[in-house]
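Participant: Here is a sequence together with a model predicted from it:
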Amino acid sequence: MEMNLPLLAGTCFVSGRAFAEGARVVSFLVRSLVTEEITRYDLAAEAAPGFAPPGELACRWVQLYKPRSGREQSARDLKLTAENLFLTLADPATEPTPENSRLVQFLALMLERKRILRARGRSADGQRAVWEHARTKQLFEVAADELTPEFFLSIQSQLTLLVGEPKPRSGPPPPAEPAAAGTN
């Protein structure tokens with residue numbers, strides 16, 4: 001999963017006012033109904049309750065604003081990958097939501113398969129799985145819900161919004177009906 005997406009904006013999408021360091025910022029990932037592109041909207045926390053995203057909401061999270069220097073915005077940072085989305089949503093400074101908790105759990109499983117994350121057991125209370133980011137060695141605690149069919153159905157719409165509808169398979173045509181017997 002890879003999409004081009006800007007980093008956290010320096011101003012509120014609704015008011016246009018600059019964010020102060022440490023301000024609560026609500027970020028939305030929205031798929032346009034017209035172009036099907038994913039857009040990020042960053043709003044001051046007080047502007048978020050009345051915000052109606054112009055499209056389908058893929059996910060939403062709250063974080064504290066930290067200004068970046070120009071050097072920190074590399075081309076790699078401008079790509080939203082599964083890894084970057086996981087690091088953003090699982091960051092301890094990001095306020096969890098039930099929808100994002102399921103998405104973070106799914107991303108953790110996917111990134112473990114790619115060997116980007118390593119399972120490190122359970123939290124002290126046993127309620128959360130602990131994952132280690134292979135490159136940075138940072139530890140993340142992630143909800144450890146049961147992986148039931150209902151779990152996967154609950155995140156299916158988020159994944160569809162983020163990566164799009166599956167393309168139809170282009171396989172061989174179905175076999176033709178056999179000729180009717182006794183037509184000599």
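Facilitator: That came through fine. Numbers count the residues shown, from 1 in each chain.

Participant: so where's this protein shaky on pLDDT?
Facilitator: 1-6, 69-80, 161-184 (pLDDT under 70).

Participant: Just give me the residue closest to the centre of it.
Facilitator: Leu85 (5.0 Å; C-alpha atoms, centre = their mean).

Participant: For that residue, which non-adjacent residue is spatially closest?
Facilitator: Nearest residue to Leu85, sequence neighbours excluded (C-beta to C-beta, 6 or more residues apart in numbering): Leu107, at 6.3 Å. C-beta: built from backbone N, CA, C; applies to glycine.

Participant: and the gap between the one you found and Gln158?
Facilitator: As judged by C-beta to C-beta, to the nearest Å, Leu107 and Gln158 stand 10 Å apart.

Participant: now do Trp131
Facilitator: 19 Å.

Participant: For the two, work out which one has more neighbours and name it.
Facilitator: Trp131 (26 against 19; other C-beta atoms under 10 Å).

Participant: Test of understanding: give the bridge partners of that one.
Facilitator: Beta-bridge partners recorded for Trp131 (DSSP bridges): Ala119, Phe140.

Participant: dump the residue contacts of it.
Facilitator: 90, 108, 111-112, 117-120, 139-142 (C-beta atoms under 8 Å, 6 or more residues apart in numbering).

Participant: Give the helix, strand or coil label for Leu43.
Facilitator: Here Leu43 is strand, with the state taken from DSSP: H, G, I helix; E, B strand; the rest coil.

Participant: Can you tell me the SS state at the residue nearest to the centre of the chain?
Facilitator: helix.

Participant: That one reaches Ala108, doesn't it?
Facilitator: No: between Leu85 and Ala108 there is no contact under C-beta atoms under 8 Å: 11.1 Å.

Participant: Walk me through the domains of this protein.
Facilitator: Under the assignment automatic domain parsing, the domains of the chain span 9-67, 81-163.

Participant: Show me what Ser27 is bridged to.
Facilitator: Beta-bridge partners, per DSSP bridges, of Ser27: Asp42, Trp61.

Participant: And it, how close does it get to Gly121?
Facilitator: Separation of Ser27 from Gly121 (C-beta to C-beta) stands at 30 Å.

Participant: in the protein, which spans are strands?
Facilitator: With strands called from DSSP state E, the chain shows them at 2-4, 24-31, 38-44, 56-64, 79-81, 117-122, 128-133, 139-143.

Participant: Rebuild these as TSV, extending it with distance to Leu153.
Facilitator: Shown next, in TSV, are those (distance: least, C-beta to C-beta, whole Å):
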stretch	distance to Leu153
strand 2-4	23
strand 24-31	19
strand 38-44	22
strand 56-64	16
strand 79-81	24
strand 117-122	24
strand 128-133	21
strand 139-143	17
